[in-house]
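Novice: With the sequence up front, the predicted model follows.
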Amino acid sequence: MLSGSIPNTLPSDMYERIMKRLDTKGVRICVDATQDLLLKVLKYHPFLIKPNNHELGEIFGVVLESDEQIIEYAKKLQDMGARNVLVSMAGDGALLAAENGEVWKQRPPEGTVVNSVGAGDSMVAGFLAGYLAGGSYEKALKLGTAAGSATAFTSWLAGKEEIEALLARI
């Protein structure tokens, strides 16, 4: 998992260096970064990338106003090398453009947002846990959405109980 910005004490191409080194090792890598950090690693075909809808639009210099537009631009990232593109959309849930050609959208459960910090990270963790548990993109997206929502609905990171309670409502 490569996530966030690179500290100025490291080379600015650190994510690229890591992915190049692992490129032939069969390691599935997930990248949650913005702009150039994300775009420069696509040539190494990351297993999953997770921009939010605003970041996705910024990459291409457009404002995305519909699910159809989000799908179109998520697929452009796939054309550039990403295998799976998970787009978080805050209160609108998440959308997954999967490497098998399927597109899934998941609405979040209802709840009151207390603190959205860490919700995207929780979504990625839930997605990966769901995928690794059974290889189903649909189930992974549901668990990711539940995990992200659960964190947004609490003052800190959500635990297993909060996530499972929301998953039952999806």
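Specialist: Arrived safely. Keep in mind that what you see is a predicted model, and the values were worked out from it rather than measured.

Novice: all contacts plus neighbour counts: C-alpha atoms, from now on.
Specialist: Noted.

Novice: State the helix or strand in which residue 85 lies.
Specialist: According to DSSP states H and E, residue 85 maps onto strand 84-88.

Novice: Run through who's touching that strand.
Specialist: The contact list for strand 84-88, computed with Cα atoms under 8 Å, 6 or more residues apart in numbering, reads 46-53, 56, 70, 74-75, 77-78, 94-99, 120.

Novice: cool, and stretch 70-80?
Specialist: Against stretch 70-80 from outside (Cα under 8 Å, 6+ apart): 42-43, 53, 56-57, 60, 64, 84-85, 87, 95, 97, 99, 103.

Novice: who's in contact with the residue nearest to the spatial centre of the chain?
Specialist: Centroid-nearest residue in the chain, with Cα atoms, centre = their mean: residue 50, separated by 2.6 Å. Neighbouring residues of residue 50 by Cα under 8 Å, 6+ apart: 30-33, 85-88, 124.

Novice: Got phi/psi on it?
Specialist: phi -140, psi 80 (degrees, to the nearest 10).

Novice: Just to check, residue 111 is in contact with residue 151?
Specialist: No: contact criterion Cα atoms under 8 Å: residue 111 and residue 151 do not qualify, at 10.9 Å.

Novice: Between the two, point out the one with more neighbours.
Specialist: Under the criterion of other Cα atoms under 10 Å, the comparison of residue 111 against residue 151 puts residue 151 first, with 27 against 13.

Novice: Quick check: closest non-adjacent residue to that one.
Specialist: residue 158 (4.5 Å; Cα to Cα, 6 or more residues apart in numbering).

Novice: tell me the pLDDT at the one you found?
Specialist: As predicted, residue 158 sits at a pLDDT of 93.

Novice: May I ask which helix or strand encompasses it?
Specialist: Applying DSSP H and E, one finds residue 158 in no helix or strand.

Novice: ok now do it, which residues does it touch?
Specialist: Residue 158 makes contact with 147, 150-151, according to Cα under 8 Å, 6+ apart.

Novice: at 10 Å instead, please
Specialist: The contact partners of residue 158, by Cα atoms under 10 Å, 6 or more residues apart in numbering, come to 118-119, 122, 146-152.

Novice: now, which of those residues sits nearest residue 5?
Specialist: The shortest approach to residue 5 among those belongs to residue 118, at 14.6 Å (Cα to Cα).
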